[in-house]
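Asks: I would like the atomic coordinates for the input below:
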Amino acid sequence: MKITEGWELAQGVAGYKLSYKDGSTEFTDRSPNEFEIKECLIEPVMIDGELAIKVGDKVQKCTGDYHLEGVVVAVFRTLAGKPRYVVEHQPLAPGLLHIYGPTNLRKI
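Replies: So this is what the prediction gives:
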């Protein structure tokens, strides 16, 4: 199947894992651009099913310069319909809450 720029997120897809030729990966909640379509292995990250994150799940922020563990304390959707997760970072910083998209988290 050929993927073209401008494709929309399919129902149940929260975003995409982009794997580059140099071995690096990136998670995004937007459609891949022309460069990414040509240069990356693109894998969907699902909202529902096995990869679903629920209140009470232990997770790790797995993108960016720092990785923090915590517990999901709330799940909601933005006005645009994108899923968001509120994570309390325990035991490192009890009471510290951050809001993440599903591509920023992995279950632990």
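Asks: okay, the lengthiest strand in the chain in PDB with CA atoms only?
Replies: Criterion DSSP state E: the longest strand present in the chain is strand 69-77. Output in PDB follows, covering the C-alpha atoms of strand 69-77 (Å, rounded to 0.1, in the frame of the first residue of the first chain):
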ATOM      1  CA  GLU A  69       7.800   6.800  35.600                       C
ATOM      2  CA  GLY A  70       4.400   7.400  37.000                       C
ATOM      3  CA  VAL A  71       0.800   6.300  37.300                       C
ATOM      4  CA  VAL A  72      -2.100   7.400  35.000                       C
ATOM      5  CA  VAL A  73      -4.600   9.200  37.100                       C
ATOM      6  CA  ALA A  74      -7.000  10.500  34.400                       C
ATOM      7  CA  VAL A  75      -7.700   9.900  30.700                       C
ATOM      8  CA  PHE A  76      -9.600  12.400  28.500                       C
ATOM      9  CA  ARG A  77      -9.900  13.600  24.900                       C
END
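Asks: what are the ranges of the helices in this protein?
Replies: Using DSSP state H, the helices of the chain run over 34-39.
Asks: just checking, Val45 touches Leu18?
Replies: No - here Val45 lies out of contact with Leu18, judged by Cβ atoms under 8 Å, at a distance of 10.5 Å. C-beta: built from backbone N, CA, C; applies to glycine.
Asks: Show me how this protein divides into domains.
Replies: Domain assignment for the chain by automatic domain parsing gives 13-49, 53-107.
Asks: Output these as TSV; include the columns mean neighbour count and mean pLDDT.
Replies: TSV is the format used below for these (neighbours: other Cβ atoms under 10 Å; pLDDT from 0 to 100):
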stretch	mean neighbour count	mean pLDDT
domain 13-49	14	78
domain 53-107	14	87
